[in-house]
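Enquirer: With the input below, show me the fold.
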Amino acid sequence: MRRNGVWFSDSGEGVPLLVLHPGGTDSRSMGALCAELADYRILLIDRPGHGRSADVDGPWSFERMADVVAEVLDDLDIERVHVLGWSDGAIVGLHLALQRPDLVSTLVFGGGVFHHEGWHDGVLSDDPPPAFMAESYAEVSPDGAAHWADVVAKSVELHRAHPSLTANDLRQVRLPVLVIVGDDDEVRFDHVVGMYEALPDAELAVIPRSTHGLIVEKPDVVALFVRDLHRGDRSDGVAPRRRVMRA
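Expert: Residues are numbered from 1 along each chain as shown. Predicted coordinates for the structure are as follows:
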């Protein structure tokens, strides 16, 4: 389905879960994880310039991407939704939680950063993306294979100085957030811990022997943590410290 040139999918009959894909890919990259969460009502959106959604004029911004997502949710009359984002999708989900907190019940922030300096050195290089990404784009993009070069250029420009959120911004996120990364991810551990400590209601999961591709390496493990975040009867454990201090 499409709304204002944006491709989206709405399937299933369970609790609504919005799944936001990484940059340079589209919602197809979330297929393995969505299969593990098939009892949810899964909402997928290809952001403008990604997958089956046409590009837009001008540069990209995470703020505008969050606006586009919110517009789709509003059009579907969805009042609140759990959000799961990966990499750039996590950043979009975080901006959505800041810009439209009325829409977001919980956020799974996977393999992402809140500030562009949180990536490991070399992650944001100017090297061309792998060929398979261009091939995947060409399979479905309404803009055609030749537009891939423009998409890459916009992505490079976006990541030069964004995201640029601060710890003070994170303190405004008043909803449960699961921060999850692989132990060999592209995100610096000090950045991950800083995010965990700044968010008022955060949980942290570091999955062993996994990388930035955790969603395809161990989708069942990710799904286990997602389901736990959504449980209504969760305990703070037998000897809570951080959560008692922040109560």
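Enquirer: can we go C-alpha only for contacts and neighbour counts from here?
Expert: OK.
Enquirer: Let me see the contact set for the residue lying closest to Trp119 once chain neighbours are set aside.
Expert: Once its chain neighbours are removed from consideration, Trp119 has its nearest residue in Val187; the separation is 4.7 Å (Cα to Cα, 6 or more residues apart in numbering). For Val187, the contact set (Cα atoms under 8 Å, 6 or more residues apart in numbering) comprises 111-113, 118-120, 181.
Enquirer: repeat that with 6 Å
Expert: Residues in contact with Val187, defined by Cα atoms under 6 Å, 6 or more residues apart in numbering, are 118-120.
Enquirer: Give me the pLDDT for it.
Expert: The model reports Val187 with a pLDDT of 98.
Enquirer: likewise Arg246?
Expert: pLDDT, read off for Arg246, is 59.
Enquirer: From Val69, how far out is the nearest residue to Ser29 once chain neighbours are set aside?
Expert: Spatial nearest neighbour of Ser29, chain neighbours left out: His21 (6.7 Å); criterion: Cα to Cα, 6+ apart. Shown here: His21 relative to Val69, a distance of 12 Å by Cα to Cα, to the nearest Å.
Enquirer: Of these two, give the one with the bigger neighbour count.
Expert: Counting neighbours by other Cα atoms under 10 Å for His21 and for Val69 shows that His21 has the greater number, 26 against 23.
Enquirer: In contact with the more buried one, which residues?
Expert: Contacts were defined as Cα under 6 Å, 6+ apart; by that measure His21 touches 27, 86, 89.
Enquirer: which ones among those are found in helices?
Expert: Gly89 (DSSP state H).
Enquirer: Just the closest of the contacts of His21 to His212, please.
Expert: Ranked by distance to His212 (Cα to Cα), those are led by Trp86 at 9.1 Å.
Enquirer: picking up where we left off before, what distance do you get for the residue nearest to Trp119 to Val140?
Expert: Val187 sits at a distance of 29 Å from Val140 (criterion: Cα to Cα).
Enquirer: the strands in the protein, which residues?
Expert: Counting by DSSP state E, one finds strands in the chain at the ranges 2-3, 6-11, 16-20, 41-45, 81-86, 104-110, 177-184, 202-211.
Enquirer: Adding distance to His159, mean pLDDT and mean neighbour count, write these out as a markdown table.
Expert: Formatted as a markdown table, the strands of the chain follow (distance: least, Cα to Cα, whole Å; pLDDT from 0 to 100; neighbours: other Cα atoms under 10 Å):
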| stretch | distance to His159 | mean pLDDT | mean neighbour count |
| --- | --- | --- | --- |
| strand 2-3 | 27 | 80 | 12 |
| strand 6-11 | 22 | 97 | 17 |
| strand 16-20 | 17 | 98 | 24 |
| strand 41-45 | 21 | 98 | 22 |
| strand 81-86 | 15 | 98 | 23 |
| strand 104-110 | 17 | 98 | 24 |
| strand 177-184 | 19 | 98 | 22 |
| strand 202-211 | 20 | 98 | 16 |
